[in-house]
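Trainee: the following comprises the amino acid sequence and a computationally predicted model.
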There are 2 protein chains.
Amino acid sequence: MKTLSIKDIAVKAGVSITTVSFIINGKAKEKSISEAVIKKVEKIIKESGYKPNQIARSLRTGNSNIIGLIIEDISNSFFSRIARLIEDKAYKKGYKIIYSSTENNVEKAKELINMFKSRKVDGYIISPTKGIEEDIQMLLSDNKPVILFDRNLSEMDTHYVGADHFQASYQSIESFIKKGKRKIALVTTDIDVEQIIERFEGYKKALVDQGIAYNDELVLKIHFNQDEAETIEQMKSLFSTKDIDAVLFATNYLAISGLKALKQLNKKIGDELSVIAYDDHEVFELHTPSISAVQQPLEEIAETVIQLILNQLSSKNKLENQKVIIPAKLIER
Amino acid sequence: MKTLSIKDIAVKAGVSITTVSFIINGKAKEKSISEAVIKKVEKIIKESGYKPNQIARSLRTGNSNIIGLIIEDISNSFFSRIARLIEDKAYKKGYKIIYSSTENNVEKAKELINMFKSRKVDGYIISPTKGIEEDIQMLLSDNKPVILFDRNLSEMDTHYVGADHFQASYQSIESFIKKGKRKIALVTTDIDVEQIIERFEGYKKALVDQGIAYNDELVLKIHFNQDEAETIEQMKSLFSTKDIDAVLFATNYLAISGLKALKQLNKKIGDELSVIAYDDHEVFELHTPSISAVQQPLEEIAETVIQLILNQLSSKNKLENQKVIIPAKLIER
DNA sequence: TTGATCTAGTAAAACGTTTTACGCCAAACC
DNA sequence: GGTTTGGCGTAAAACGTTTTACTAGATCAA
């Protein structure tokens, strides 16, 4: 069965292609097509099940009703949950999402942008990697909406949505101190991205504000992408050689490794050792004992991202940049 | 900066559009274009950063190098991990993936198929919902490759890849019995899909084969999509009123709810109560004590799916249907 | 009556490719 | 010397839409 084209509909209805097109696109009134013709054509369309070829449409109009979503890794639950929410909301507005994972690899990210570009996506939602600034700049000069999320590139002239990592980290440390903790460690990663740095700054500032000296030895920077076994060893060394009464993990996978390390050391989490993880995870709720965690406001982030991109898509001129910082929530368990 | 078209390249090189097109598509030799011209054009393309407009290309050729992936829910870790693997492998073969979640809703699934159709995707990878048979049949009569995975629609005349749910479930129950368990419960869902039914059948068969009578009261069917709080209540009721020494959860989210229920009841998992979860999850490894789980062979499933669809894409005629059943693995912890 | 305006609709160009069919020249053949 | 053949390349149609500019007739105002 050959798929129908607008021409088939036009022939069947005995009108021109133009007329059918006007009707499909809701411009019938405006173009003064008679009620009778509209009804007839609509009937034929319904009966035949005709669906416009979006490819042809895109070629002609230059837009696709597709938004490109570029994330680090769809199999990471933070991203997959955000993706799901974004997809949902976009869908309701008639936009589809194409997603792809960069694996935190600049080359792949660049390729993805190119691929999205040649598919003429209308806008981009990106959790950027370092080194991609130039490519994003090209999109912007091409007048394409770009929304960054999760990680900011502060020098980029575009919108950003993310959680307030500094505040969340600060608040976590504060909560430790309120419980009487003084020997507070931070386990973080050595990747050089803003949100990680902010978490580090929050940690330092909170300590100093409460009159506790910052001690370099209580901060463990785990090499990005290193083997988990090695990570666990490093943590075990930290936990067993230093005198520590609380620890903040700067990412949820670090926290998970940390829990494993503690399990191996047979150190119990509780009164003598408090733990907070950054980014919640099902593991933490179920763990015995439950682990406190900083919860990023996924729903709000997704909502804001979609709102910003839709605004930008429907506006002819570049809107003023918004950098939306949403508070994260410390869930004490 | 206007984006370049093939025409710009042709003008710059002083050749025709046709020539440029041949060169881009590697048909230069075959069409006897001289080495000199090829070099020149390639140089210009490289320097200018020209990228063909895929939309125009698709319109002309009728295919898109895009594979549509329709899954139940990208935020479910089983699907997001599969998606990631499929994406990866497809990417290496020059195919891109567009994905969308159906939320197990037939209407949404139908819409998605339509939307993919009008975007002319080359092939479909679908974890189907019931009620979608007709739409899939239309794709097939349209000669589009369709690979089903995770859930089979046995009456459909197309390829399928999935784990051997019957065997995995059977084996789990067997392992309980070997440990001396006799009062074995099953917590499952009431959705009427093959893989869930198979898990149920495996449970029953294993009991009977080992001379244990099947007892309806030990099977709890949780209503799909119901509130987690209610689910937990139902489980608590099961666990506290029945005398049970082992339980198999038919999905990982049920197992997670189940762990919460047990925690609330203060029932310890261990010698007097064994637990196996279907579909592994990070939670289970870290849980104290660790929870045994049935691990689906994600990597093999993804690999097989991709292999099948690529074969079908590169073959002119419909290949013989393959129904690939891959064993799942019980991880005893 | 004449020009203006309105109504109802259409023809054709354009979007950027791929591909078919053809053109032209030089060398080779008989 | 005429006809093939091969090498090198091009013109133009086609893919299925949207949109601009237009037409032909009817109505209206003066």
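Mentor: Perfect, thanks for sending it.

Trainee: quick one: the strands in the stretch 101-250 of chain A, in order.
Mentor: Secondary structure of the stretch 101-250 of chain A (DSSP state E, counting those that start in this stretch): strands at A:123-126, A:146-149, A:159-163, A:184-189, A:219-222, A:246-249.

Trainee: quick one: name the residues of chain A near DNA strand D.
Mentor: Contacts of chain A with DNA strand D, taken as Cβ under 7 Å from any atom of the strand, map to A:3-7, A:17-18, A:21-22, A:24-25, A:50, A:52-53, A:56-57, A:59-61. Quick note: C-beta positions are derived from backbone N, CA and C, even for glycine.

Trainee: mind checking which of the residues you listed land in helices?
Mentor: Cross-referencing the residues of chain A next to DNA strand D against helices under DSSP state H gives A:6, A:7, A:17, A:18, A:21, A:22, A:24, A:56, A:57, A:59, A:60, A:61.

Trainee: of the residues you listed - the most surrounded one?
Mentor: residue A:22 (21 neighbours; other Cβ atoms under 10 Å in any protein chain shown).

Trainee: near the closest residue to that residue other than its chain neighbours, how many other residues are there?
Mentor: Once flanking residues are discounted, residue A:22 sits nearest to residue A:31: 4.8 Å by Cβ to Cβ, 6 or more residues apart in numbering or on different chains. By other Cβ under 10 Å, the residues close to residue A:31 number 12.

Trainee: residue A:31 against residue A:23, yeah?
Mentor: No. Using Cβ atoms under 8 Å, residue A:31 is not in contact with residue A:23; the gap is 9.0 Å.

Trainee: which phi and psi does the residue in the stretch 201-333 of chain A that DNA strand D sits nearest to have?
Mentor: Using Cβ to the nearest atom of the strand, residue A:316 is the residue of the stretch 201-333 of chain A that sits closest to DNA strand D, at 13.8 Å. For residue A:316, the backbone dihedrals (degrees, to the nearest 10) come out as phi -70, psi -40.

Trainee: neighbours of it, how many?
Mentor: Residue A:316 has 5 nearby residues by other Cβ under 10 Å.

Trainee: likewise residue A:120?
Mentor: Neighbours around residue A:120, by other Cβ under 10 Å: 20.

Trainee: and for the one 3 residues further on?
Mentor: A total of 23 residues lie near residue A:123 under the criterion other Cβ under 10 Å.

Trainee: now do the one 4 residues further on
Mentor: Each residue near residue A:127 was counted by other Cβ under 10 Å, and the total is 24.

Trainee: in contact with it: list those residues for me.
Mentor: If a contact means Cβ atoms under 8 Å, 6 or more residues apart in numbering or on different chains, then residue A:127 has A:70, A:71, A:72, A:79, A:148, A:149, A:150, A:151 as its contacts.

Trainee: can you tell me which of those residues is nearest DNA strand D?
Mentor: With Cβ to the nearest atom of the strand as the yardstick, the closest approach to DNA strand D among those comes from residue A:70, at 27.6 Å.

Trainee: between the helix or strand harbouring that closest one and helix A:54-61, how many degrees?
Mentor: Counting by DSSP states H and E, the element that carries residue A:70 is strand A:66-71. Between the axis of strand A:66-71 and that of helix A:54-61 there is an angle of 100 degrees, by axes from the mean of the first three to the mean of the last three Cα atoms, to 10 degrees.

Trainee: so what touches strand A:66-71?
Mentor: A:79, A:82-83, A:86-87, A:90, A:95-102, A:109, A:112-113, A:116, A:119-128, A:309.

Trainee: after that strand, next one along is what?
Mentor: Heading C-terminal from strand A:66-71 (DSSP H and E), you reach helix A:77-92.

Trainee: output the contacting helices and strands for that following helix.
Mentor: Helices and strands touching helix A:77-92, by 3 or more Cβ pairs under 8 Å, 6 or more residues apart in numbering or on different chains; DSSP states H and E, are strand A:66-71, strand A:96-101, helix A:298-314, helix B:77-92, strand B:96-101.

Trainee: for chain B, see how far away the residue in chain A positioned nearest to DNA strand D is.
Mentor: DNA strand D sits closest to residue A:6 of chain A, with a gap of 2.9 Å, by Cβ to the nearest atom of the strand. Noted for residue A:6: a distance of 12 Å to chain B, by Cβ to the nearest Cβ, to the nearest Å.

Trainee: list the residues that contact that residue.
Mentor: A:17, A:20, A:21, A:24, A:50, A:52.

Trainee: so what's whichever residue of the stretch 101-250 of chain A sits closest to DNA strand C up against?
Mentor: When scored by Cβ to the nearest atom of the strand, the stretch 101-250 of chain A has residue A:118 as its residue closest to DNA strand C, at 8.1 Å. When contacts are counted by Cβ under 8 Å, 6+ apart, residue A:118 touches B:51, B:52, B:53, B:54, B:55.

Trainee: how about 10 Å then?
Mentor: B:3, B:51, B:52, B:53, B:54, B:55, B:56, B:57 (Cβ atoms under 10 Å, 6 or more residues apart in numbering or on different chains).

Trainee: Serialize those to a markdown table and add fields for distance to residue B:193 and pLDDT.
Mentor: Shown next, in a markdown table, are those (distance: Cβ to Cβ, whole Å; pLDDT from 0 to 100):
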| residue | distance to residue B:193 | pLDDT |
| --- | --- | --- |
| B:3 | 46 | 86 |
| B:51 | 42 | 94 |
| B:52 | 42 | 95 |
| B:53 | 41 | 95 |
| B:54 | 36 | 94 |
| B:55 | 37 | 95 |
| B:56 | 41 | 96 |
| B:57 | 38 | 96 |
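
Trainee: would you reformat these as a markdown table and include distance to residue B:331?
Mentor: Formatted as a markdown table, those follow (distance: Cβ to Cβ, whole Å):
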| residue | distance to residue B:331 |
| --- | --- |
| B:3 | 51 |
| B:51 | 46 |
| B:52 | 47 |
| B:53 | 49 |
| B:54 | 43 |
| B:55 | 46 |
| B:56 | 50 |
| B:57 | 46 |
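
Trainee: select only the buried ones of the residues you listed in ChimeraX?
Mentor: Burial among the contacts of residue A:118 is assessed by 16 or more other Cβ atoms under 10 Å in any protein chain shown; the matching ChimeraX selection reads:
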select /B:52,53,54,55,56,57
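
Trainee: which residues of chain A score low on pLDDT?
Mentor: Along chain A, segments meeting pLDDT under 70 span A:1.

Trainee: not counting its neighbours along the chain, what's nearest residue A:303?
Mentor: residue A:89 (6.6 Å).

Trainee: tell me the contacts of the residue in chain A sticking out farthest from the centre?
Mentor: Farthest-out residue of chain A from its mean C-alpha position, per Cα atoms, centre = their mean: residue A:14, at 49.6 Å. Listed by Cβ under 10 Å, 6+ apart, the contact set of residue A:14 reads A:37, A:40, A:41, A:44.

Trainee: are any of those residues buried, and if so which?
Mentor: Neighbour-count burial (16+ other Cβ under 10 Å) is assigned, among the contacts of residue A:14, to A:37, A:40, A:41, A:44.

Trainee: narrow those residues to those in helices?
Mentor: A:37, A:40, A:41, A:44.

Trainee: quickly note the distance from the residue lying closest to the second one once chain neighbours are set aside to residue B:115.
Mentor: Spelled out, that is residue A:40. Sequence neighbours aside, residue A:13 is the residue nearest to residue A:40 in space, at 5.7 Å (criterion: Cβ to Cβ, 6+ apart). Computed as Cβ to Cβ, to the nearest Å, the residue A:13 to residue B:115 distance reads 25 Å.
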